[in-house]
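[1] any chance you could fold what I've pasted below:
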Amino acid sequence: MQYIDSLNDKQKEAVLYTEGPLLIVAGAGAGKTKTITHRIIHLIHQGINPSSILAVTFTNKAAKEMRDRVINLLEDKSHGLSFPINHSSAPFVSTFHSLGVHIIKENAHLIGLTKHFSIIDESDAISIIKDIMKQHDIDPKQHEPRKIKSAISKAKGDFITLENYRGEVKSSQQSIVALIWAGYESRLKKEKGLDFDDLLLESVLILRKFPEIKNKYQERWKYVHIDEYQDTNEVQYEMTKLLVGKDQNICVVGDTDQNIYSWRGANIKNMLHFEKDYPNTKIIMLEQNYRSTAKIIEAANSIIEKNQYRVPKTLFTKNVEGEQIVVCEAYDEVSEADFVAREIDELLKENKPEDIAILYRANFQSRVLEESLLGKQIPYQVLGVKFFDRREIKDIISYIKASLNKESLTDIKRIINTPTRGIGKVTLTKLFAGQFIDLPASMQEKINKFYLLLESIHEYIDTHKPSEVVRFIIEKSGIEKELSNGTNEDMERLENMKELVTLSIKYDNQEDGIEKLLEDASLSSDQDSLINKEKTGGVRLMTVHASKGLEFKYVFVTGLEQDLFPHARTGQGTKEDKEEERRLFYVALTRAGKKLFLTYASLRTIFGMKQVNNPSEFIYDIPTHLTEFTQSHSRSGEKIVYL
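    Numbers count the residues shown, from 1 in each chain. Just a heads-up that it's a prediction; the model follows:
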């Protein structure tokens, strides 16, 4: 079994243990993806039908990487395997949300939907909530729409229904959330749409309500793999349990030290209690790190060992000792950014920009960092500007969605006047209120032309490939004509649309390719902005949360001040909150392979006020023999003083 030879002893043990529940505790950089993919290959080598294997993870990037690795290994004759793989016989590798979409589409009739139901993305969900707030005269400044959406999302993730939430209301704010939630659900139902949380919630409800459906999936997927198990919320936890059959062939991989999403509903107890759920569990620890130098690993261990809510483990590496960790005290955020830019400028003499990442605790920190990078003419990319979130891309996607689902008022509202057709808000209000007959004849004609366009798109979808459909919409909608004679910004938007044509080619030979395109567009994650813009390159800037799962040669962790990182709100929080902040710092450290820079500013301007800061407590937790200290002065005294 040549495919086993590249694994270490613990990875081998995990790969070869195929029957019954298995918990793999995998430290940062310990090769967990390699272990899962080789385990899947081994199952197939042992005679298990590939289509009987399910593997679920959290991001599109992780799912794509896992799927590609599995297929490459299966097609690699040097491993003594070489299986012909096609869509119907391949292992099912997806994100939780994509799995939810799959289950709902196969059983849509049971919940009053068709397979063309709309997936309401985050920005459209916020837009709907704003509309409902307007209807009820609720001030968005007093009750922020995003916070209301977050409260609804958290409740759904905790398996709390609207009825249950209403029954437990204890404050005026919760009353507002309940009122808006009711209107929000009504609107989604009218549009035959589901939001991200519904994709999980509704699929679980289908599995619960219909035992024959649950049994069908348990028979289909006899071997279940769950990646990043520490990040599962209550609904994902329930979905996992419902999909595992009587043989309990479930393998979960995770790291309690990297649980950083409790604010999004992730429950670390799901992993800590795995043995109670599956009493015959085998536990295997992957503690050898392949990514980082010995000094970075020692620093990471010294940070995380102070936490109590964890599965105890100690990372080790056979990599080189490595360079000292640089700790820089800056005069203010400007001198901090200047220090980072100068160091990166030096690193770029022998490295690619993509090898370097700048991490921060809060998004507002990126502005001054960007200014310093621009000053040095260093190319960079801020994570989070998603390709599928661009206005012009959402317009094309909405044309496709509206053509397939005429009930999707959110999509119709978005595109009925894109390009300009002279259909205003008053007309739209009357149209949606069922008062089409009361509109002037000229306006009725404009609206009829729009719906005929949607019908022509629907017909075109039935007989053409996704890339051809996108090209058809750009031309026939009038968008191309409007943008072609516009500003430079208009031309850039048109170029982005043409990039969507190129991206769509990969769906041309897939079964239900247009559906897959819509699904991927709706479920794209922040990290997908890196995938779609890799050709532009640049130093990566992102929050520590967004960096999870990524790795770089050089990492700068900035803003290491008390009350910024760790964040001020954890000061009055629970012990679990404080430990999560420490886990977040651990994640930041373990992104680095070759060298780590930690920076803090003695003065930082926040909300227009300069404040004096103490260094983060985390800096003091790193043994001093691992660090070297430096300072960066204000721009009036440019030089850096090494102590």
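[2] in the stretch 351-500 of the chain, which ranges drop under the pLDDT threshold?
    Counting by pLDDT under 70, the stretch 351-500 of the chain contains low-confidence residues at 384-386.
[3] hey, where'd the helices end up in it?
    Assigned by DSSP state H, counting those that start in this stretch, the stretch 351-500 of the chain shows helices spanning 366-375, 391-404, 409-415, 425-432, 441-463, 466-476, 479-484, 488-504.
[4] can you check the stretch 1-150 of the chain too?
    Under DSSP H, counting those that start in this stretch, the stretch 1-150 of the chain gives helices at 9-16, 32-45, 60-75, 96-106, 122-135, 145-157.
[5] tell me where this protein is predicted with low confidence.
    Residue ranges of the chain with pLDDT under 70: 1, 77-89, 384-386, 525-536, 569-573, 607-608, 634-643.
[6] scan it for its longest strand.
    For the chain, the longest strand by residue count, based on DSSP state E, is strand 592-606.
[7] may I see the buried residues of it?
    Judged by neighbour count using 16 or more other C-beta atoms under 10 Å, the buried positions of strand 592-606 are 592-604. Bear in mind the C-beta positions are built from the backbone N, C-alpha and C, glycine included.
[8] what does stretch 48-62 give?
    48, 50, 52-62.
[9] what of stretch 389-408?
    For stretch 389-408, by 16+ other C-beta under 10 Å, it's 389-390, 392-408.
[10] who touches it?
    Around stretch 389-408, the neighbours that count as contacts under C-beta atoms under 8 Å, 6 or more residues apart in numbering are 114, 116-118, 123, 190-193, 387-388, 410-412, 414-415, 418, 451, 454-455, 457-458, 461, 469-470, 473-474, 477, 479, 493-494, 496-497, 500, 514, 517-518, 521-522, 524.
[11] can you give me the helices in the stretch 151-300 of the chain?
    Using DSSP H, counting those that start in this stretch, the helices of the stretch 151-300 of the chain run over residues 162-167, 172-190, 196-209, 211-220, 234-243, 269-272, 274-277, 294-304.
[12] ok and the fourth one relative to helix 196-209, angle-wise?
    Between helix 211-220 and helix 196-209, the angle formed by their directions is 100 degrees, by axes from the mean of the first three to the mean of the last three C-alpha atoms, to 10 degrees.
[13] so which elements touch helix 211-220?
    helix 196-209, helix 234-243 (3 or more C-beta pairs under 8 Å, 6 or more residues apart in numbering; DSSP states H and E).
[14] make a markdown table out of these and add distance to residue 346 and mean neighbour count.
    What follows is those, written out as a markdown table (distance: least, C-beta to C-beta, whole Å; neighbours: other C-beta atoms under 10 Å):
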| stretch | distance to residue 346 | mean neighbour count |
| --- | --- | --- |
| helix 196-209 | 42 | 21 |
| helix 234-243 | 44 | 20 |
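[15] can you put the ones you listed in TSV and add distance to residue 266?
    TSV is the format used below for the helices and strands packed on helix 211-220 (distance: least, C-beta to C-beta, whole Å):
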stretch	distance to residue 266
helix 196-209	13
helix 234-243	9
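[16] which one of those lies nearest to residue 345?
    helix 196-209 (40.4 Å; C-beta to C-beta).
[17] other SSEs contacting the closest one?
    helix 96-106, strand 118-120, helix 145-157, helix 211-220, helix 234-243.
[18] which stretch among these comes nearest residue 372?
    Among the helices and strands packed on helix 196-209, helix 145-157 comes nearest to residue 372, with 29.4 Å by C-beta to C-beta.
[19] let me know the outermost residue of this protein.
    Here the chain reaches farthest from its C-alpha mean at residue 441, the gap being 46.8 Å by C-alpha atoms, centre = their mean.
[20] what sits against it?
    Residues near residue 441 by C-beta under 8 Å, 6+ apart: none.
[21] what about it, distance to residue 448?
    According to C-beta to C-beta, to the nearest Å, residue 441 and residue 448 sit 10 Å apart.
[22] what of residue 235?
    Taking C-beta to C-beta, one finds residue 235 at 42 Å from residue 448.
[23] okay, the helices and strands packed on helix 196-209, which one's buried deepest?
    Counting by mean count of other C-beta atoms under 10 Å, strand 118-120 has the highest mean neighbour count of the helices and strands packed on helix 196-209, with a mean of 24.
[24] distance from the chain centre to that one, please.
    In terms of C-alpha atoms, centre = their mean, to the nearest Å, the gap separating the centre of strand 118-120 from the centre of its chain is 17 Å.
[25] tell me what that strand is packed against?
    Applying 3+ C-beta pairs under 8 Å, 6+ apart, one finds that strand 118-120 makes contact with strand 193-195, helix 196-209, helix 409-415, helix 513-522.
[26] let's see it at 6 Å
    Strand 118-120 is packed against strand 193-195, with contacts defined by 3 or more C-beta pairs under 6 Å, 6 or more residues apart in numbering; DSSP states H and E.
[27] re earlier: which one of the helices of the stretch 1-150 of the chain lies nearest to residue 221?
    Closest approach to residue 221 among the helices of the stretch 1-150 of the chain is made by helix 96-106 (9.8 Å; C-beta to C-beta).
[28] can you say which helix or strand has the nearest residue to residue 594 once chain neighbours are set aside in it?
    Nearest non-adjacent residue to residue 594, counting by C-beta to C-beta, 6 or more residues apart in numbering: residue 553, 4.4 Å away. Using DSSP states H and E, residue 553 sits within strand 552-557.
[29] please name the strands paired to that strand in the sheet, noting orientation.
    Strand pairing for strand 552-557, determined by DSSP bridges: strand 356-360 (parallel), strand 592-606 (parallel).
[30] relative to helix 366-375, how tilted is the last one?
    Right, the one you point to is strand 592-606. Using the same axes, to 10 degrees: strand 592-606 against helix 366-375 is 110 degrees.
[31] could we number from 41 for the rest of this?
    Right, with 41 as the first residue, what we last looked at is strand 632-646.
[32] which other helices and strands contact the helix or strand following strand 632-646?
    Remark: after strand 632-646, the chain's next helix or strand is strand 649-652, criterion DSSP H and E. In terms of contacts (3+ C-beta pairs under 6 Å, 6+ apart), strand 649-652 is packed against no helix or strand at all.
[33] what's next to strand 649-652, contact-wise?
    With C-beta atoms under 6 Å, 6 or more residues apart in numbering as the contact definition, strand 649-652 has outside contacts at residue 643.
[34] do stretch 618-629 as well
    With C-beta under 6 Å, 6+ apart as the test, stretch 618-629 has contacts from 297-300, 302, 339-340, 343-344, 347, 349, 399, 584, 588, 597, 606, 610, 658.
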